[in-house]
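A.B. asks: got a structure for you, letters missing:
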């Protein structure tokens, strides 16, 4: 399967708040990070939560964010990061 993003690509998480069950945490929406790893394709949990089959499978990426970009009051070292697994349909090129 061809992936839309590759390790090293800079991506932005959609800033949207659709109703219902969502796998993408609110605190990371609208933030910019770097793809650290492609994790493979998995059934979409946003569909599985409502009893659907979750198909077609969606690619998942491990995206790395600088802590200071995620948490405005973060006072730790500038090199601290947080990695979050995010489904492809939540990501756009930055």
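C.D. replies: Here it is on my side, so go on. Everything numeric here is computed off the predicted structure, so don't read it as measured data. Numbering: from 1, shown residues only.
A.B. asks: I would like the residues contacting stretch 2-19, please.
C.D. replies: 24, 26, 28-38, 59, 61, 63, 86, 88, 90-94 (C-beta atoms under 8 Å, 6 or more residues apart in numbering). For the C-beta atoms, the positions are set from N, CA and C on the backbone; glycine is no exception.
A.B. asks: name the element residue 62 belongs to?
C.D. replies: strand 58-66 (DSSP states H and E).
A.B. asks: Same check on residue 21?
C.D. replies: Here residue 21 is assigned to no helix or strand, by DSSP H and E.
A.B. asks: And for it, the neighbour number?
C.D. replies: 11 (other C-beta atoms under 10 Å).
A.B. asks: From residue 39, how far out is the closest residue to residue 87 other than its chain neighbours?
C.D. replies: Counting by C-beta to C-beta, 6 or more residues apart in numbering, residue 87 lies nearest to residue 58, which is 4.7 Å off, once chain neighbours are set aside. Distance of residue 58 to residue 39, given as C-beta to C-beta, to the nearest Å: 11 Å.
A.B. asks: And for residue 17?
C.D. replies: 25 Å.
A.B. asks: just residue 21 next, same as before
C.D. replies: Residue 21 is 20 Å from residue 39, by C-beta to C-beta.
A.B. asks: on that earlier part again, who's in contact with the helix or strand following the strand holding residue 62?
C.D. replies: Using DSSP H and E, the helix or strand that follows strand 58-66 in sequence is helix 67-70. Contact with helix 67-70 is made by 27, 28, 31, 32, 33, 74, 76, 78, 80, 81, 82, as judged by C-beta under 8 Å, 6+ apart.
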